[in-house]
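J.: Got a predicted structure here, sequence first:
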Amino acid sequence: MSRPANAPPRILHLHSTFAPGGKELRCVQLINAFGPALHHAIVSAEPNEMGAAQHLSQRAKVSYPQDFPSLTGKPLPGRLNRLAQAMKPYDMVLTYNWGAMDAVMAHTLFKDALGLPPLIHHEDGFNEDEQKKLKWSRNLYRKLALGKANGLVVPSETLEQIALETWEQPIGRVRLIPNGIDTKAFAKKPKRDALRRIIKRPDEKWVGTLAGLRPVKNLPALVRAFAALPEPWQLVIVGDGPEADAIREEAERLDLSPRVHLPGFAPDPARYIGLFDIFALSSHSEQFPISVVEAMAAGLPVAAPAVGDIAHMVAEENAGLITRPGSDAELGEALRELAQDEAKRKIIGAANQAKAREHFDQKAMIATYRRLYSSALGQEIAG
């Protein structure tokens with residue numbers, strides 16, 4: 001099917017899920033930045049998880065194909081052929097994470113025979129079942145499936161090394177593009193009621209985090225690390241997910257329930273992340289957590305385990321607060337050190353903010369993606 005003259009290029013997005021997580025909101029960020037210059041079709045391997053769509057700009061041209069073959073199932077030749085056939089009407093295919101890997105395999109198998117458009121895969125991290133060790137079968141499948149991809153985009157140095165060494169991808173195919181945000185928006189001082197479900201009192205100090213409440217985020221450990229902090233410190237965990245009850249139970253066990261708050265998911269963290277005095281993570285696994293960049297842009301110190309790229313993301317002044325993975329005691333000590341020294345919090349926060357503005361602003365990220373996608377399309381994406 002040929003594209004009508006002057007019609008915008010058609011971009012097919014194949015997601016493992018389109019719930020409002022890091023990779024999905026980055027995709028939304030890019031779609032909004034490109035505006036009407038492209039037409040986007042979005043498919044999710046989990047059709048009921050489409051919450052990120054509510055953040056799309058009204059200017060964006062977006063559709064949601066209802067007849068696209070399922071991204072889940074056994075990778076049998078007939079199913080892979082149907083996936084490949086469904087890609088033909090588009091000018092470029094963008095795939096995301098393991099949940100879309102069958103589509104990547106279909107593209108490699110049938111690209112030449114069907115004349116399929118270019119494909120760029122984006123890999124942002126791993127599911128809970130690979131947080132400790134990657135599965136050899138998936139490594140092999142990724143290696144084969146990516147054989148004819150035009151590019152493999154990763155946001156972290158850790159993933160770049162895995163792509164080059166474990167998946168044995170050629171260096172020219174792998175592109176490291178750190179996630180970026182509107183750093184200026186996060187520098188604004190928020191109102192005390194910006195979270196709505198919880199209001200920060202003038203005498204309170206907050207340790208805060210933004211996270212899906214899932215086992216990989218290890219949030220009961222953050223409750224344990226927080227336990228050593230006295231009043232007026234509060235722990236605020238912003239996010240939704242199945243681990244909410246486990247977090248509450250741990251807070252109750254430690255007699256912390258009145259000081260541990262779960263206000264649920266809240267959009268637009270630039271409105272409220274500045275209410276935190278310390279930003280903390282306790283995750284078993286991360287790659288390049290955008291929440292850390294947001295905290296840095298808001299001028300916050302970060303206490304977190306050294307998973308993924310976190311140790312390289314924060315400013316040098318913050319390095320001593322990045323702890324060994326899995327150590328509740330070390331994370332608790334980092335929180336105590338920051339809680340006891342307001343001057344130190346301000347010095348580290350200012351250094352983090354400066355680094356975020358220099359290295360992680362969205363303008364650089366959007367420009368890099370624009371060049372990559374334009375090259376694959378064979379035409380400049382207007383901006």
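T.: On my side now, so go ahead.
J.: My guess is Glu294 contacts Tyr272. True?
T.: No - using CB atoms under 8 Å, Glu294 is not in contact with Tyr272, being 10.5 Å away. For glycine as for every other residue, the C-beta is placed from the backbone atoms N, C-alpha and C.
J.: can you pull the pLDDT of Asn127?
T.: At Asn127, the model reports a pLDDT of 68.
J.: For the chain, which segments count as strands?
T.: 10-15, 39-44, 61-63, 92-96, 119-122, 151-154, 174-176, 205-210, 233-238, 260-264, 278-280, 302-305, 322-323 (DSSP state E).
J.: ok, residues contacting the shortest one?
T.: Contact partners of strand 322-323, identified using CB atoms under 8 Å, 6 or more residues apart in numbering, comprise 302-306, 310-311, 314, 330-331, 333-334.
J.: run the last query once more with 6 Å
T.: Contacts with strand 322-323, where a contact means CB atoms under 6 Å, 6 or more residues apart in numbering, come from 304-306, 311, 330-331, 334.
J.: Quick one: mean pLDDT for that strand?
T.: Here the average pLDDT along strand 322-323 is 98.
J.: Sheet partners, orientation included, of it?
T.: Partners of strand 322-323 in the sheet, by DSSP bridges, are strand 302-305 (parallel).
J.: Could you tell me which residues within the partner strand count as buried?
T.: By neighbour count on 16 or more other CB atoms under 10 Å, the buried set for strand 302-305 is 302-305.
J.: Then stretch 109-128?
T.: Quick answer for stretch 109-128 (16+ other CB under 10 Å): 109-111, 116-126.
J.: Same check on stretch 357-368?
T.: Quick answer for stretch 357-368 (16+ other CB under 10 Å): 360-362, 365-366, 368.
J.: re the thing from before, adding distance to Lys74 as columns, could you present the strands of the chain in JSON lines?
T.: Shown next, in JSON lines, are these (distance: least, CB to CB, whole Å):
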{"stretch": "strand 10-15", "distance to Lys74": "17"}
{"stretch": "strand 39-44", "distance to Lys74": "19"}
{"stretch": "strand 61-63", "distance to Lys74": "28"}
{"stretch": "strand 92-96", "distance to Lys74": "18"}
{"stretch": "strand 119-122", "distance to Lys74": "20"}
{"stretch": "strand 151-154", "distance to Lys74": "24"}
{"stretch": "strand 174-176", "distance to Lys74": "29"}
{"stretch": "strand 205-210", "distance to Lys74": "36"}
{"stretch": "strand 233-238", "distance to Lys74": "38"}
{"stretch": "strand 260-264", "distance to Lys74": "37"}
{"stretch": "strand 278-280", "distance to Lys74": "41"}
{"stretch": "strand 302-305", "distance to Lys74": "37"}
{"stretch": "strand 322-323", "distance to Lys74": "42"}
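J.: wait, which of those strands is closest to Ala244?
T.: strand 260-264 (5.8 Å; CB to CB).
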